[in-house]
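Trainee: Sequence and predicted model, in that order:
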Amino acid sequence: MNEQKIRLTEWSEGSGCGCKIAPAVLDQILSSSESWTQTDPNLLVGNSAKDDAAVYQVSEDLALVNTVDFFTPIVDDPFDFGRISAANAISDVYAMGGKPLFANAILSWPVEKISPELAAKVLEGAKSICKTAGIELAGGHSIAAKDPIFGLSVNGIVHPRKIKTNQGAKANDLIYLTKPLGIGVLATALKRQKIKDEDYLTLVDTACRLNHIGQVLGNHEEVHAMTDVTGFGLLGHLIELAEASGISAQVDFSKLPILEGVQDYIKQFIFPDNTYRNWNAFQSKVKGVNGMDLVPLCDPQTSGGLLIAVGEENQKWFEDTMKSENQIVWEIGRFIEKQVFKVEVL
């Protein structure tokens, strides 16, 4: 890992999706604002179900997907910061079963304190991921401000009858995850200058990996619901999916994939402060969490994997399809009929 004269992670308290507004505060903001009232029948997916992107129907067989996502630095290397930010933003389109088309950049930069050349490297990193996704970085908007912030607004398309939302999961559906957990823990180890070189490479490789499989799964009705795991952690996004679908979920903790090295950092109490913020927001809706198991469950992920609900009867088809697409997945639990608790950890 190359040393940087300027450590980008020193310029923010949180990092990556860990700098999101707390779930309870966000709910308060949205519930008290009438600006989110939506009446256009062509707006197929808006803010009501806390989904990953907005979807607007323009014809019988075409709908536009739009999302915006940005955050403070999660790594010190500007090129890697741009790559991770881009992969994270594009993921929202994939999570809706959509195909990304192009993106615009959002850049805030303290130009008098951090070299503009480093901002250029952030853009280069983002453009490299856009190229991998087969889309253009078409333009964007920038401001001079005290905090470095970067992200993308991404536009895509999807067939109106093939949209994957977080509302369609059914009781007895199996729950799959496409990336291991622990990105937030590794990012915190980096910020505290405790990370091992091999763990840094794991962090960057995982966070830069595109969730392209979501576009593939948009064509299959056997997949009932989908969302990506970001700042609210696995537990928060699973609760959103369960609530939107009117059911509950069971998760087998022993089946959770966790990145190499993460448990060692947890033992040293190296994990994001916002892990506790997430736990405080969601603990009343969960049963069965023991001790420090809350950390991987609530760890804020940046460019995390997809959470996928698949009909139990389609398990073989799904796992065979994932193998043919060279996509690793982990079965971590199942959805059940609605219970008092939204999630039970076994």
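Mentor: Sure thing, it's come through.

Trainee: Stretch 95-102 - what's its average pLDDT?
Mentor: Stretch 95-102 carries an average pLDDT of 97.

Trainee: List the residues that contact the closest residue to residue 289 other than its chain neighbours.
Mentor: Nearest non-adjacent residue to residue 289, counting by CB to CB, 6 or more residues apart in numbering: residue 345, 5.2 Å away. For the C-beta atoms, the positions are set from N, CA and C on the backbone; glycine is no exception. By CB atoms under 8 Å, 6 or more residues apart in numbering, residue 345 lies in contact with 250, 251, 253, 286, 287, 288, 289, 290, 293, 297.

Trainee: so what's the backbone phi/psi at residue 345?
Mentor: Phi and psi for residue 345, reported as degrees, to the nearest 10, are phi -100, psi 120.

Trainee: Write down the beta-bridge partners of it, one by one.
Mentor: Beta-bridge partners for residue 345, by DSSP bridges, are residue 251.

Trainee: same question, residue 177
Mentor: Following DSSP bridges, residue 177 is listed with bridge partners residue 307, residue 330.

Trainee: now it: how far from residue 64?
Mentor: 28 Å (CB to CB, to the nearest Å).

Trainee: Looking at those two, which has the bigger crowd around it?
Mentor: residue 177 (24 against 18; other CB atoms under 10 Å).

Trainee: What score does the more buried one have for pLDDT?
Mentor: At residue 177, the model reports a pLDDT of 98.

Trainee: Contact partners for it?
Mentor: If a contact means CB under 8 Å, 6+ apart, then residue 177 has 229, 234, 256, 257, 305, 306, 307, 308, 329, 330, 332 as its contacts.

Trainee: can you check residue 125 too?
Mentor: For residue 125, the contacting residues are 78, 79, 80, 81, 82, 83, 84, 85, 86, by CB under 8 Å, 6+ apart.

Trainee: Nearest to residue 37 among those residues?
Mentor: residue 85 (30.7 Å; CB to CB).

Trainee: Checking the closest one next. Helix, strand or coil?
Mentor: Secondary structure assignment for residue 85 (DSSP: H, G, I helix; E, B strand; the rest coil): helix.

Trainee: Now the residue lying farthest from the centre of the chain. Nearest residue, chain neighbours left out?
Mentor: Relative to the centre of the chain, the most outlying C-alpha is that of residue 112, 31.7 Å out, by CA atoms, centre = their mean. Distances taken as CB to CB, 6+ apart place residue 144 nearest to residue 112, at 7.7 Å, with adjacent residues excluded.
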